[in-house]
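Curious how this folds, go ahead:
(4 chains)
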2 protein chains.
Amino acid sequence: MDRELLKGSTPILLLSLLTEGPMYGYQIIETVLERTGGAYTLKEGALYPALHKLEAAEFISSYWQTQANGRDRRYYAILPAGSTFLVAKKKQWSQFVNMVEGFVTPGGSADSKG
Amino acid sequence: MDRELLKGSTPILLLSLLTEGPMYGYQIIETVLERTGGAYTLKEGALYPALHKLEAAEFISSYWQTQANGRDRRYYAILPAGSTFLVAKKKQWSQFVNMVEGFVTPGGSADSKG
DNA sequence: ATTGCTCCCATCGCCTTGCGAGGTAGAATA
DNA sequence: TATTCTACCTCGCAAGGCGATGGGAGCAAT
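Numbers count the residues shown, from 1 in each chain, chains lettered A, B, ... in the order given. Predicted coordinates:
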């Protein structure tokens, strides 16, 4: 997986994931790993800064939750503003994909799906 | 257009464009501008370094051509190695797109088209 | 008690890439 | 002469992912 391709898509990934429900960092990494069949390992050095930035922007919120073992986990949940942002980001995403594919396949479909 | 989304996709764009025939820098910018209906302006600060890097990797070659006016243009043409690279990049691209869309639309199609 | 493993958080410096701004220069136009 | 268009290019900056590194809690085996 080309790291440069990932740039800018992480917020979409994160926000989309959190739409399914609150998750904690480690769980996000595991989930991404599983769903991509090991193809993409979301790195901690990318995840946590991204999560913090999303929280600073008030697109997500976080809360610590103590488990039965007594250990703490930091859960992240999407906020209404985050959902709104996701919708806009998704649109931007498909426009972007469409643009690139318009060049990759000049004769192919290049209409705007978003 | 989100600049971060662009990162890593420029080589694909450039190589795809050059597959249609040799082009010079200014022409590439104009072409991209036209085809995207003004949505995406490939910036010089992004284009030329990308072009030079592609050339250093021997994916493309360049040659100066003098016009009737006496002015010179630097044309870039794709090399066999560049075509090979493009094919690999395209595959990587669709895998990447597929991955992101797998998260964006969890219920939707997430199979690997590439 | 010590080692080592898994879980779980996080930061730091590096690298790459796009962008804004700036520079050079010939040709056309006013 | 001055401006604009074409056409090339580079530099410093910002942003984001990555590898490395580190802290710490719980748990099992030695």
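
tell me which residues in the strand or helix carrying residue A:84 are buried?
Using DSSP states H and E, residue A:84 sits within helix A:80-104. Under the neighbour-count criterion of 16 or more other Cβ atoms under 10 Å in any protein chain shown, helix A:80-104 has A:82, A:85-86, A:89-90, A:92-104 buried. Using the backbone N, CA and C atoms, a C-beta is placed for each residue, glycine as well.

try stretch A:61-80
A:62, A:75-76, A:78-79.

give me the subset of these touching DNA strand C.
residue A:75 (Cβ under 7 Å from any atom of the strand).

Relative to chain B, which of the buried residues of stretch A:61-80 is nearest.
residue A:78 (13.3 Å; Cβ to the nearest Cβ).

is that closest one in a bridge, and if so with what?
Following DSSP bridges, residue A:78 is listed with bridge partners residue A:60.

That one: what's it in contact with?
A:15, A:18-19, A:59-60, A:86 (Cβ atoms under 8 Å, 6 or more residues apart in numbering or on different chains).

Near chain B, which residues of chain A are found?
Proximity of chain A to chain B, by Cβ under 8 Å from any Cβ of the partner chain, involves residues A:1-9, A:12-13, A:16-17, A:20, A:32, A:35-36, A:39-40, A:90, A:92-93, A:95-97, A:99-100, A:102-104, A:106.

do you know how far the closest residue to residue A:50 other than its chain neighbours is from residue A:71?
Distances taken as Cβ to Cβ, 6 or more residues apart in numbering or on different chains place residue A:10 nearest to residue A:50, at 4.9 Å, with adjacent residues excluded. Per Cβ to Cβ, to the nearest Å, residue A:10 is found 27 Å from residue A:71.

cool, and residue A:24?
11 Å.

sorry, back to before: tally of neighbours for the residue nearest to residue A:50?
19 (other Cβ atoms under 10 Å in any protein chain shown).

hmm, back to that, show which residues not belonging to the helix holding residue A:84 make contact with it.
Here helix A:80-104 has contacts from A:9, A:11-12, A:15-16, A:18-19, A:54, A:57-60, A:78, A:108-114, B:1-2, B:5-6, B:9, B:12-13, B:16-17, B:32, B:35-36, B:39-40, B:90, B:93, B:97, B:100, B:104, using Cβ under 8 Å, 6+ apart.
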